[in-house]
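Visitor: Sharing a sequence plus its predicted fold:
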Amino acid sequence: MINKLDLDIFIETGRIMIRDGIVIAPWLTWGKGEHRISFTLFTDIRTWSRHFAAQHWRPDWTMDIFGGQPIHVERAAEACREAVSSTAVYLCHLELGTLTVTEEMVSVAQRLTENFVEKVGLKDFVTFYLLTNMYEDLQVLHYYGSIHVNDFLQGDIHRPWGTNTLTSEFKQAVASRLVTVRDGFVELTHYGNEVLQSITRVFVESGFLKFRSRLVRLNNFNNLEDVESLTNILIPSSASIRKSLLELSEIQAGSHVLELGCGTGAYTFDAGLFQAVGPNGYLVVTDPSTGMLSTVRRKRDDYHAEWVHVVRAQAERLPFPDNMFDSVTGCGFLHLTNIHEALREIARVLKPGGTFSTFYPLHFPVRSDFFLEWFEPLLSLESKASHPDVLPDSDTVPAAMKSLFEIIRLDEFEHEIHYTSPQTVVEFFVEVTNLFEEKTAILPWRARQDLIQRLIQRGEEICRKYQPESLVERHPAQMIRAVVKSK
């Protein structure tokens, strides 16, 4: 029987870890088959981790939560190494917008890890780390039913970022009755399934799975150089939507304005936001993606718009003082953020009486025959969510705004999305923006890659089966303008 108290301990460990900015995401360090940390820095991290673990580890430690497996000092060092490596990559994404890990960020990651371990204890942290590995090992068996022993040991299906075989973990899983072997294939036992459900509960209630999905989105956006070319293919009315938002925002010439999620500058320059602010004003444009911001800087120089200032930032962590802007605006960004955190930051940087205006899509309608046929492999995946995607309901944003803003105008409408380019559709919705994270979060690594390729292939079949004019679905959306309440 699994002790509920033990689970609660690790739920809290996960929450503290996320709050303190500690990341366990080996795939983030690994990238797409290429390690993102130089050999020299990785050697330094490994040396530090061994020393740090040796200082805090005790030889009588066991993983008490499931079966009392011993925690060897090598596993403690591995946990510290993965935490520092993943956190350093995350910090470079977040702070520098680059995939190149610097010595400075490694030092910061080490300091954060030290502080975190001091709070929760090395044993509980290492146990949480081992749970992340156990989750991947058991989830792949739950998903596929069984896999060949050799495939399990190599980890290519579910943990391709590892450098060693999973032999020791496999032996422990067998000894703990989590898995069994039949005719050369590994299967999940009843007890193993019970353990998997308990780990899943820890990861869901601590926010770890949600945080991991946000990391996927951050990683994909930092690798993206041009989001506008994708959206223009999918939404031919994008230009008119941006124009309508600019009219709704009522930006005053000479004012201080912040644009969030600027992408490559379609709203900033093509829609005319920079002209609305004018040379006597002050326009700051932000985006999490360094690649896209480089395009914005080129456009700014082409337009000689010296009053436009380009800053890399996330909406949830704005690097600006309180009461700085007369208006905050942004087109198609809010649904890709933690909405509550982003709104709090927006309200903070607005001057008293300042306005916020934005456009965002709502849940996929999922009603067209072609869409249901095309996305059936994804829609049929298990999920406890009421919607297949993570987009907001019609009342999500207004409800989140209630305590911070007074809504002046709220327009609901539908816009057309064209599904005539399978590669673009799947890349944007499933891979880059990760809008179906509730469905895909449980997938093993290989299964996720296979699903993306399968959806592209099904899309190509759909495009041959249906006429182009039939491959259009009207998606609901909202456009909103609000005034920040008195602070």
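Guide: Received the coordinates, thanks.
Visitor: Just the endpoints, please. Distance across stretch 393-408?
Guide: End-to-end distance of stretch 393-408 (CA to CA, to the nearest Å): 19 Å.
Visitor: tell me the average confidence for that stretch?
Guide: For stretch 393-408, mean pLDDT rounds to 96.
Visitor: Then stretch 244-252?
Guide: 97.
Visitor: again, but for stretch 316-327
Guide: 96.
Visitor: again, but for stretch 110-128
Guide: 96.
Visitor: same question, stretch 286-300
Guide: For stretch 286-300, the mean pLDDT works out to 88.
Visitor: cool, stretch 54-65 as well?
Guide: This predicted structure assigns stretch 54-65 an average pLDDT of 89.
Visitor: Buried residues, that stretch. List them.
Guide: Applying a neighbour-count criterion of 16 or more other CB atoms under 10 Å, one finds His56, Trp57, Trp61, Met63, Ile65 buried in stretch 54-65. Heads up, the C-betas are built off the backbone N, CA and C, glycines and all.
Visitor: Tell me both backbone torsions, phi and psi, for the residue of the chain most remote from its centre.
Guide: For the chain, the C-alpha farthest from the mean C-alpha position belongs to Asp183; by CA atoms, centre = their mean, that distance is 39.0 Å. Per-residue torsions, Asp183: phi 50, psi 40 (degrees, to the nearest 10).
Visitor: Among the buried residues of stretch 54-65, which are located in strands?
Guide: Counting by DSSP state E, the members of those that fall within strands are Met63.
Visitor: all strands of the stretch 301-450 of the chain, in order?
Guide: Counting by DSSP state E, counting those that start in this stretch, residue ranges of the strands within the stretch 301-450 of the chain are 308-312, 325-331, 350-361, 405-418.
Visitor: list the helices and strands the longest one packs on?
Guide: When contacts are defined as 3 or more CB pairs under 8 Å, 6 or more residues apart in numbering; DSSP states H and E, strand 405-418 sits against helix 227-234, helix 238-249, strand 350-361, helix 396-401, strand 472-484.
Visitor: So what are the sheet partners of it and their directions?
Guide: If you go by DSSP bridges, strand 405-418 pairs up with strand 472-484 (antiparallel).
Visitor: Next, the buried residues of the strand it pairs with.
Guide: With the criterion 16+ other CB under 10 Å, strand 472-484 contains buried residues Glu473, His475, Pro476, Ala477, Gln478, Met479, Ile480, Arg481, Ala482, Val484.
Visitor: Identify the residue nearest the geometric centre of this structure.
Guide: Looking at the chain with CA atoms, centre = their mean, the centroid-closest residue comes out as Arg214, 1.6 Å off.
Visitor: Where does it sit, in terms of helix or strand?
Guide: Here Arg214 sits within helix 208-222, counting by DSSP states H and E.
Visitor: Work out the gap between that helix and the centre of the chain.
Guide: Taking CA atoms, centre = their mean, to the nearest Å, the mean C-alpha location of helix 208-222 is offset from the chain mean by 2 Å.
Visitor: and the angle from that helix to strand 308-312?
Guide: Angle of helix 208-222 versus strand 308-312, following axes from the mean of the first three to the mean of the last three CA atoms, to 10 degrees, is 130 degrees.
Visitor: What does the closest residue in space to Leu153 that isn't next to it in sequence show for phi and psi?
Guide: In space, not counting the residues next to it along the chain, Leu153 is nearest to Thr165; the distance is 4.8 Å by CB to CB, 6 or more residues apart in numbering. Here the main-chain torsion angles of Thr165 (degrees, to the nearest 10) amount to phi -70, psi 160.
Visitor: tell me the contacts of Thr165?
Guide: If a contact means CB atoms under 8 Å, 6 or more residues apart in numbering, then Thr165 has Leu153, Gln154, Gly155 as its contacts.
Visitor: same thing but at 10 Å, please
Guide: Thr165 makes contacts with Asn150, Phe152, Leu153, Gln154, Gly155, as judged by CB atoms under 10 Å, 6 or more residues apart in numbering.
Visitor: And for the third one, the neighbour number?
Guide: Okay, so that is Leu153. In terms of burial, Leu153 registers 15 neighbours under the definition other CB atoms under 10 Å.
Visitor: Tell me which helix or strand it sits in.
Guide: Following DSSP H and E, the helix or strand that holds Leu153 is helix 149-154.
Visitor: In terms of secondary structure, what does that helix contact?
Guide: In terms of contacts (3 or more CB pairs under 10 Å, 6 or more residues apart in numbering; DSSP states H and E), helix 149-154 is packed against helix 122-144, helix 167-175, strand 179-182, strand 185-188.
Visitor: Relative to the last one, what are the paired strands and their orientations?
Guide: Right, the one you point to is strand 185-188. In the sheet containing strand 185-188, its partner strands are strand 146-148 (antiparallel), strand 179-182 (antiparallel), by DSSP bridges.
Visitor: Work out the gap between the following helix or strand past that strand and the centre of the chain.
Guide: Next in sequence after strand 185-188, counting helices and strands by DSSP H and E, comes helix 190-206. Per CA atoms, centre = their mean, the displacement of helix 190-206 from the mean C-alpha position of its chain is 22 Å.
Visitor: Helix 190-206 - contacts with which helices or strands?
Guide: For helix 190-206, the elements it packs on are helix 4-19, helix 122-144, strand 179-182, strand 185-188, helix 208-222, judged by 3+ CB pairs under 10 Å, 6+ apart.
Visitor: Can I get the last one in PDB, CA atoms only?
Guide: What that stands for is helix 208-222. What follows is helix 208-222 as a C-alpha-only set of coordinates in PDB (Å, rounded to 0.1, in the frame of the first residue of the first chain):
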ATOM      1  CA  PHE A 208       5.400  19.300 -12.600                       C
ATOM      2  CA  LEU A 209       3.700  17.900 -15.800                       C
ATOM      3  CA  LYS A 210       2.200  21.400 -16.500                       C
ATOM      4  CA  PHE A 211       5.600  23.000 -16.000                       C
ATOM      5  CA  ARG A 212       7.200  20.400 -18.300                       C
ATOM      6  CA  SER A 213       4.700  21.200 -21.000                       C
ATOM      7  CA  ARG A 214       5.500  24.900 -20.700                       C
ATOM      8  CA  LEU A 215       9.200  24.000 -21.100                       C
ATOM      9  CA  VAL A 216       8.400  22.300 -24.300                       C
ATOM     10  CA  ARG A 217       6.600  25.400 -25.600                       C
ATOM     11  CA  LEU A 218       9.500  27.700 -24.500                       C
ATOM     12  CA  ASN A 219      12.000  25.500 -26.100                       C
ATOM     13  CA  ASN A 220      10.100  25.300 -29.400                       C
ATOM     14  CA  PHE A 221       9.500  29.100 -29.500                       C
ATOM     15  CA  ASN A 222      13.200  29.800 -28.900                       C
END
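Visitor: Pull out the buried positions in stretch 183-190.
Guide: Using 16+ other CB under 10 Å, the residues of stretch 183-190 that count as buried are Phe185, Val186, Leu188, Thr189.
Visitor: Name the nearest of these relative to Ser403.
Guide: Leu188 (45.2 Å; CB to CB).
Visitor: number of nearby residues for the closest residue to that closest one other than its chain neighbours?
Guide: Leaving aside its sequence neighbours, Leu188 sits nearest to Leu141 (CB to CB, 6+ apart; 4.1 Å). Summarising burial for Leu141: neighbours were counted as other CB under 10 Å, giving 24.
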